[in-house]
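Colleague: missing the sequence, but the structure's below:
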């Protein structure tokens, strides 16, 4: 399974690059985690296993590169929320398109039914291990 994941991630980055999109892996994890709701720098630190200072520097770099925008937190005047900027949305859209292509290629090898069964089984295992919820996508560094 680890080799399958590695294959997907490597192919994703190769195809992003072939489309002229270069994104640092840490940026990608933050963008993925931000899809559901805006994050704070503290959330980024916890997600990536970084110090608050390192997470703040990463967020600074992401904002400077126009992947995210900081906006005031409605409940905490000291905190800022990270919202995905249009450039970040384009990266996510391209990644989702590439994953659909890759899954179609896998389906071409093992068949659509087996691919869906694999996805369903993995989903079930992950939910069982995490209290009924899917865990956030995290780096393994």
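Modeller: That came in fine, so what should we check first? Treat the numbers as computed from the prediction; the structure is a model and nothing was measured.
Colleague: could you use CA atoms for every contact and neighbour count after this?
Modeller: Fine.
Colleague: so what's residue 51 closest to, chain neighbours aside?
Modeller: Closest residue to residue 51 apart from its sequence neighbours, by CA to CA, 6 or more residues apart in numbering: residue 45 at 5.7 Å.
Colleague: where's that neighbour, which helix or strand?
Modeller: Assigning secondary structure by DSSP states H and E places residue 45 in helix 41-48.
Colleague: can you give me how far that helix is from the chain middle?
Modeller: Relative to its chain's centre, helix 41-48 lies at 13 Å (CA atoms, centre = their mean, to the nearest Å).
Colleague: and the contacts of that helix?
Modeller: If you take CA atoms under 8 Å, 6 or more residues apart in numbering as the criterion, helix 41-48 is touched by 26, 29-30, 50-52, 54-56, 59, 80-82, 138-139.
Colleague: which helix in this structure runs the most residues?
Modeller: helix 86-110 (DSSP state H).
Colleague: packing partners for that one?
Modeller: helix 2-18, helix 25-33, helix 112-129 (3 or more CA pairs under 8 Å, 6 or more residues apart in numbering; DSSP states H and E).
Colleague: that's all I had, so thanks and see you.
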